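>>> sequence plus predicted model, see below.
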Amino acid sequence: MGAEANGAKTLIIAIDGPSGAGKGTIARELAARLRYRHVDTGAMYRAVAWKAIGEGLDLQDESAVAALSERARFDLEAGRVVIDGSDVSQAIRTPEIDAAATTVARHPAVRRVLVARQQDIGRAGGVVMEGRDIGTVVFPDADVKIYLDASPEERARRRATDPAHRSSTGAALSEVATALAERDRSDSTRAASPLSMAPDAILIETTGIGIESVVERVMAIVEARRNSPRRET
């Protein structure tokens, strides 16, 4: 790892958890405070799904989607999601792309490609990386591992009121809850990089807790790690 101007270590921070647990909000705020890079790994799978649909690929065709992932160029700077020159930041935040990304993310060959990309992006440190397998697969030796969770009801409510994920038909809360339950099942049972909490991750339950309180708790964990004595390697 490198060092910051004040002598503190630059860290790799892993933020994992299921949909609607608050990963994106917390990771963005944390990265802004630390002046670290924020990487939403889920957006990469969404972008690949969007691109595959645009090219008329069969999302079940693992080799074709993996080949697309291999040749794709990503730009995840400044809060944007760009694939092969197309800014898809808004286009990928729909229930339809949610479902497509779930299919894409189950392919081991696609995950191998994108995990390698994510490791290239984050290995120098100074990064807050969010996803479902950061602390277990992408960076199992991450300096800080946080696993955010919330009750199914809370996660469904958040997702249903999030304009970025609201369907054009205005799905009822019960429909959103059903979709999230299916996503949880898919993520936790897939063969490649299933959603799970790393044994050394710190669990933070966000149900009924304000964003500021969660961020302050995570910041305290990060600051303790940043200023801890360097381990010998």
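Done, it's in. Numbering: from 1, shown residues only.

>>> in the protein, which spans are strands?
Here the chain has its strands, by DSSP state E, at 12-16, 37-40, 74-75, 82-83, 86-87, 127-131, 144-149, 202-205.

>>> and the gap between the nearest residue to G126 once chain neighbours are set aside and V222?
The shortest distance from G126 to any non-neighbouring residue, by Cβ to Cβ, 6 or more residues apart in numbering, is to T10 (4.0 Å). Where C-beta positions appear, they are placed from N, C-alpha and C, glycine not excepted. As defined by Cβ to Cβ, to the nearest Å, T10 lies at a distance of 11 Å from V222.

>>> where do the helices of this protein begin and end?
Here the chain has its helices, by DSSP state H, at 23-34, 41-54, 62-71, 95-105, 108-122, 152-160, 173-189, 211-226.

>>> tabulate the ones you listed (TSV), appending mean pLDDT.
Converted to TSV, the helices of the chain look like this (pLDDT from 0 to 100):
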stretch	mean pLDDT
helix 23-34	95
helix 41-54	97
helix 62-71	98
helix 95-105	92
helix 108-122	97
helix 152-160	87
helix 173-189	82
helix 211-226	95
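
>>> kindly compare burial across those and name the winner.
helix 41-54 (a mean of 23; mean count of other Cβ atoms under 10 Å).

>>> and it, what does it pack against?
helix 62-71, strand 82-83, helix 95-105, helix 108-122, strand 127-131 (3 or more Cβ pairs under 8 Å, 6 or more residues apart in numbering; DSSP states H and E).

>>> make a markdown table out of the helices of the chain and add distance to P199.
Shown next, in a markdown table, are the helices of the chain (distance: least, Cβ to Cβ, whole Å):
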| stretch | distance to P199 |
| --- | --- |
| helix 23-34 | 19 |
| helix 41-54 | 20 |
| helix 62-71 | 29 |
| helix 95-105 | 23 |
| helix 108-122 | 19 |
| helix 152-160 | 23 |
| helix 173-189 | 16 |
| helix 211-226 | 16 |
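
>>> between those, which one is nearest to S89?
helix 41-54 (8.1 Å; Cβ to Cβ).

>>> that closest one vs helix 62-71, what angle?
Orientation note: helix 41-54 sits at an angle of 120 degrees relative to helix 62-71 (axes from the mean of the first three to the mean of the last three Cα atoms, to 10 degrees).

>>> got the angle for helix 41-54 vs helix 23-34?
130 degrees.

>>> and helix 41-54, how far out from the chain middle?
Distance, stretch centre to chain centre, for helix 41-54: 13 Å (Cα atoms, centre = their mean, to the nearest Å).

>>> over to stretch 53-62?
22 Å.

>>> show residues contacting that stretch.
A49, A52, A64, V65, L68, A100, T103, V104, H107, P108, A109, V110 (Cβ atoms under 8 Å, 6 or more residues apart in numbering).

>>> can you name the two of those residues that are farthest apart?
Top of the distance list for the contacts of stretch 53-62 (Cβ to Cβ): A100 and P108, 17.5 Å.

>>> the closest residue to S193 other than its chain neighbours: what's it in contact with?
Computed as Cβ to Cβ, 6+ apart, the closest residue to S193 that is not its neighbour in sequence is D133, at 3.9 Å. Contacts for D133 (Cβ under 8 Å, 6+ apart) come out as D16, R111, V115, S193, P194, L195.

>>> now, which of those residues sits nearest Y147?
Ranked by distance to Y147 (Cβ to Cβ), those are led by D16 at 5.0 Å.

>>> distance check, that closest one against A101.
Distance from D16 to A101, by Cβ to Cβ: 16 Å.
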